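Asks: Give the three-dimensional model of this entry:
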Amino acid sequence: MIALAGATWREIRDRPLVLVPLGSTEQHGPHLPMETDTVIAESVTARTAALLPSDVVVAPALAYGASGEHQMFAGTSSIGSRALRELLVELVRSMTTWSGGIVLINAHGGNSRAVEGAVLQLVEEGRDVCWVPCAAAKGDAHAGRTETSLMMHLRPSSVRLGLAQPGNTTPIGRLIPALVRNGVAAASPNGVLGDPTGATADEGARCFEHMAQRIASLILDGARSANGMLIPASKAVR
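Replies: Just a heads-up that it's a prediction; the model follows:
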């Protein structure tokens with residue numbers, strides 16, 4: 001793995017694969033830091049790079065995303081979907097002058113619309129780019145057991161476990177219309193969508209490894225779907 005930020009231009013081999021972690025700076029309940037999504041994106045991306053058979057370049061994480069649904073909470077710092085899309089388009093245009101392909105690894109669901117729009121535009125331009133989410137099997141939505149366990153594994157000193165409390169545990173699929181309409185605070189005054197009760201570092205370690213293994217597998221053997229996301233080749237439309 002080559003960390004782009006610390007490399008010189010002579011250390012970048014010819015046409016490498018580039019992984020770009022996408023996070024956010026937004027509230028994660030009373031017990032997790034604003035950088036939660038960015039920490040997860042950075043860590044999963046680095047582990048994914050280590051699992052790939054050849055050296056890849058890991059870019060610095062983008063720590064600001066589209067977090068308007070969390071804007072009611074102090075500290076949330078969002079650039080919005082339009083700006084994020086434009087940023088990604090220009091960033092990938094620049095990187096494709098020297099890279100052999102780019103994978104955007106997204107750890108914040110609110111970024112998805114901008115990421116998808118940017119990737120589809122870039123693919124139409126002939127750029128080799130795709131995206132993949134940091135997705136946990138059966139995980140809860142926001143600042144619940146899944147993210148709390150991940151942070152207990154990745155950055156335990158940043159978790160205020162004594163302040164952890166359940167939020168709105170309604171399945172995210174049923175909550176999305178209300179979140180889009182009214183934001184997170186209207187659905188969960190403490191900013192939690194899920195229940196961090198019972199979170200453990202061991203669970204976080206297993207979830208983390210599953211995420212990285214899944215993404216590495218998709219990079220090696222997956223296919224780009226109609227929305228630019230990597231999916232298993234067996235599920236691709238032929």
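
Asks: so residue 18 touches residue 97, yeah?
Replies: No - between residue 18 and residue 97 there is no contact under Cβ atoms under 8 Å: 11.4 Å. Where you see a C-beta, it was placed from the backbone N, CA and C, and this is true even at glycine.

Asks: more crowded one of the two?
Replies: residue 18 (24 against 6; other Cβ atoms under 10 Å).

Asks: Tell me if I am right that residue 191 is in a helix.
Replies: No - in this structure, residue 191 is coil, not part of a helix, as judged by DSSP: H, G, I helix; E, B strand; the rest coil.

Asks: Would you quantify the distance from it to residue 147?
Replies: 12 Å (Cβ to Cβ, to the nearest Å).

Asks: Also residue 35?
Replies: Taking Cβ to Cβ, one finds residue 35 at 12 Å from residue 147.

Asks: Show me the strands in the chain, by range?
Replies: Along the chain, counting by DSSP state E, strands occupy 2-3, 17-22, 57-58, 101-106, 129-133, 222-224, 230-232.

Asks: for the longest helix along the chain, which positions count as buried?
Replies: Across the chain, the longest stretch assigned as helix under DSSP state H is helix 201-221. Burial within helix 201-221, assessed by neighbour count using 16 or more other Cβ atoms under 10 Å, is assigned to 201, 203-204, 207-208, 211-212, 214-216, 218-219.

Asks: State the mean pLDDT of that helix.
Replies: For helix 201-221, mean pLDDT is 97.

Asks: That one vs strand 17-22, what angle?
Replies: 140 degrees (axes from the mean of the first three to the mean of the last three Cα atoms, to 10 degrees).

Asks: Just the CA trace of helix 201-221, in CSV.
Replies: Output in CSV follows, covering the C-alpha atoms of helix 201-221 (Å, rounded to 0.1, in the frame of the first residue of the first chain):
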residue,chain,number,x,y,z
ALA,A,201,-14.9,-4.3,20.4
ASP,A,202,-14.9,-8.0,19.4
GLU,A,203,-18.1,-7.5,17.4
GLY,A,204,-16.5,-4.4,15.8
ALA,A,205,-13.4,-6.4,14.8
ARG,A,206,-15.5,-9.0,13.1
CYS,A,207,-17.7,-6.4,11.3
PHE,A,208,-14.6,-4.5,10.2
GLU,A,209,-12.9,-7.6,8.7
HIS,A,210,-16.1,-8.5,7.0
MET,A,211,-16.4,-5.1,5.4
ALA,A,212,-12.8,-5.1,4.1
GLN,A,213,-12.9,-8.7,2.9
ARG,A,214,-16.2,-8.0,1.0
ILE,A,215,-14.8,-4.8,-0.7
ALA,A,216,-11.5,-6.5,-1.6
SER,A,217,-13.5,-9.4,-3.2
LEU,A,218,-15.7,-6.9,-5.1
ILE,A,219,-12.6,-5.0,-6.4
LEU,A,220,-11.0,-8.3,-7.6
ASP,A,221,-14.0,-10.1,-9.0
